[in-house]
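In: curious how this folds, go ahead:
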Amino acid sequence: MKFVKVTKAHEVLYINADHIHWMSQHERDEGAGKESYTVIRFSLETHDKVEVKETVEEILKQL
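Out: Sure thing, here's the model as predicted:
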């Protein structure tokens, strides 16, 4: 069982990599500049979705 460490705002989350269905990369304009974030969908509950600061590449490096 492998856990992925991600940061959501100031909270650190550990998500079981076996439960990750998909990850997608997004960018949004925050006035001062573009902010990059990743959306992870995982299967503890059917529709669990979380926005995190790490990029998809950074998360994949942990696996």
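In: mind listing the helices for this structure?
Out: For the chain, applying DSSP state H gives helices covering 56-61.
In: show me the shaky parts of it.
Out: For the chain, the stretches with pLDDT under 70 are 46.
In: okay, strands next: where are they in it?
Out: 3-8, 11-16, 20-29, 34-42, 49-52 (DSSP state E).
In: now do the third one: distance to the chain's middle.
Out: Taking the mean C-alpha point of strand 20-29 and that of its whole chain, the gap between them comes to 7 Å (C-alpha atoms, centre = their mean, to the nearest Å).
In: helices or strands up against that strand?
Out: With contacts defined as 3 or more C-beta pairs under 8 Å, 6 or more residues apart in numbering; DSSP states H and E, the packing partners of strand 20-29 are strand 34-42, helix 56-61. Heads up, the C-betas are built off the backbone N, CA and C, glycines and all.
In: now with 10 Å?
Out: Here strand 20-29 touches strand 3-8, strand 34-42, strand 49-52, helix 56-61, going by 3 or more C-beta pairs under 10 Å, 6 or more residues apart in numbering; DSSP states H and E.
In: report the inter-axis angle for it versus strand 34-42.
Out: Angle, strand 20-29 to strand 34-42, by axes from the mean of the first three to the mean of the last three C-alpha atoms, to 10 degrees: 160 degrees.
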